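1. sequence and predicted structure are below.
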Amino acid sequence: MAVRIDLHCHSFFSGDGVSSPEQLIEAARHKGLHGFAMTDHNTCDAVKYMLDKGLMRSDGLPVGGFLVLPGVEVTTAEGHLLCIGTTLPNLKGRPALEVCQRIHEAGGLAIPPHPYDLFRAGIRENVLNTLPIDAVEVFNAATTLKRYNQMAFDYARRRNLPMTAASDAHHYAAVGTACTILDTTDFSVAGILHQIVKQNELSQRYLSVRDSIRKTWSNWLRLRKRKSLEELLRSDVPPER
């Protein structure tokens with residue numbers, strides 16, 4: 001069974017995300033994705049929210065044929081690092097090596113997103129060489145310059161590491177722009193994690209100009225207040241688009 005999974009997505013629980021988890025799921029389904037990883041910046045509040053709302057299951061199985069993988073994008077002391085497949089406490093500012101170890105202790109995978117991107121806190125090669133990473137995000141649909149993706153691809157090939165592609169969506173319209181296509185008979189969080197560390201097919205497409213502008217604007221507004229988990233869990237009113 002070939003499944004299309006976007007392994008890098010942000011909701012409005014990130015300081016620079018604008019869409020609700022529900023909007024991300026709706027858009028992903030519409031685009032033919034089978035799932036995505038919820039990787040907000042330094043918080044797992046969206047995962048808690050989706051578990052409470054029945055959009056995810058604690059046993060790692062899909063809901064209504066759609067699978068959301070828990071995760072988080074940690075701002076380490078040396079740059080951004082994706083944790084895929086589990087949740088973590090806030091480790092912002094901790095050394096990347098320590099974060100890798102914490103990810104593995106929790107049963108997740110450590111994947112550096114957009115390495116080499118000088119403008120987006122990519123972990124540099126001298127640090128990557130010291131990390132026990134599980135794969136490399138070699139195609140980021142929102143990369144600043146396309147050559148950064150090529151550099152990440154070359155690095156993964158030199159280290160013989162598995163490769164992933166993802167949208168880095170911060171708005172529901174961008175989800176699934178790029179994704180990783182995994183061949184698995186176990187459509188669960190555990191099954192997807194088992195397959196990520198193998199070689200997989202990548203769907204590679206860059207953000208549209210409109211989506212790139214949306215993301216840039218969201219980054220400029222990054223200091224705005226994040227959505228409150230407690231407030232949203234108390235509310236039955238669907239978030240506005």
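-> Good, I have the coordinates.
2. use CA for all of it now, contacts and neighbours both
-> OK.
3. so who does Asp117 touch?
-> Residues in contact with Asp117 (Cα atoms under 8 Å, 6 or more residues apart in numbering) are Thr143, Thr144, Leu145, Tyr148.
4. make JSON lines from those residues and add neighbour count, secondary structure and distance to Asp117 to it.
-> Shown next, in JSON lines, are these (neighbours: other Cα atoms under 10 Å; DSSP: H, G, I helix; E, B strand; the rest coil; distance: Cα to Cα, whole Å):
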{"residue": "Thr143", "neighbour count": "23", "secondary structure": "coil", "distance to Asp117": "7"}
{"residue": "Thr144", "neighbour count": "15", "secondary structure": "coil", "distance to Asp117": "7"}
{"residue": "Leu145", "neighbour count": "12", "secondary structure": "coil", "distance to Asp117": "7"}
{"residue": "Tyr148", "neighbour count": "20", "secondary structure": "helix", "distance to Asp117": "6"}
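5. which of these scores worst on pLDDT?
-> Among those, Thr144 has the lowest pLDDT, at 91.
6. OK, contacts around it?
-> Contact analysis of Thr144 by Cα under 8 Å, 6+ apart lists Asp117, Phe119, Arg120.
7. nearest to Pro21 among the contacts of Asp117?
-> Nearest to Pro21 among those, counting by Cα to Cα, is Thr143 at 22.9 Å.
8. where's the closest one relative to Gln195, distance?
-> Between Thr143 and Gln195 the distance is 25 Å, computed by Cα to Cα, to the nearest Å.
9. quick check, Ser11 in a strand?
-> No - counting by DSSP: H, G, I helix; E, B strand; the rest coil, one finds Ser11 to be coil, located in no strand.
10. quick check: Lys198 vs Met163, distance?
-> Going from Lys198 to Met163 by Cα to Cα gives 8 Å.
11. neighbour count: the two, which is higher?
-> Taking other Cα atoms under 10 Å, Lys198 and Met163 do not tie; Met163 has more neighbours (24 against 14).
12. correct me, but that one touches Asn140?
-> No - using Cα atoms under 8 Å, Met163 makes no contact with Asn140, being 11.2 Å away.
13. can you tell me the closest non-neighbouring residue to His60?
-> Careful, residue 60 is Gly; it's not His. Computed as Cα to Cα, 6 or more residues apart in numbering, the closest residue to Gly60 that is not its neighbour in sequence is Val189, at 4.9 Å.
14. buried residues, stretch 106-121. List them.
-> By 16 or more other Cα atoms under 10 Å, the buried positions in stretch 106-121 come out as Gly107, Gly108, Leu109, Ala110, Ile111, Pro112, Pro113, His114, Pro115, Tyr116, Asp117, Ala121.
15. now the helix or strand harbouring Val74: average pLDDT?
-> Using DSSP states H and E, Val74 falls within strand 67-76. In this model, strand 67-76 carries a mean pLDDT of 98.
16. C-terminal to it, what's the next element?
-> Counting by DSSP H and E, the next helix or strand C-terminal to strand 67-76 is strand 79-84.
17. how near is Phe187 to Leu207?
-> Plainly put, Phe187 is 27 Å away from Leu207 if you go by Cα to Cα.
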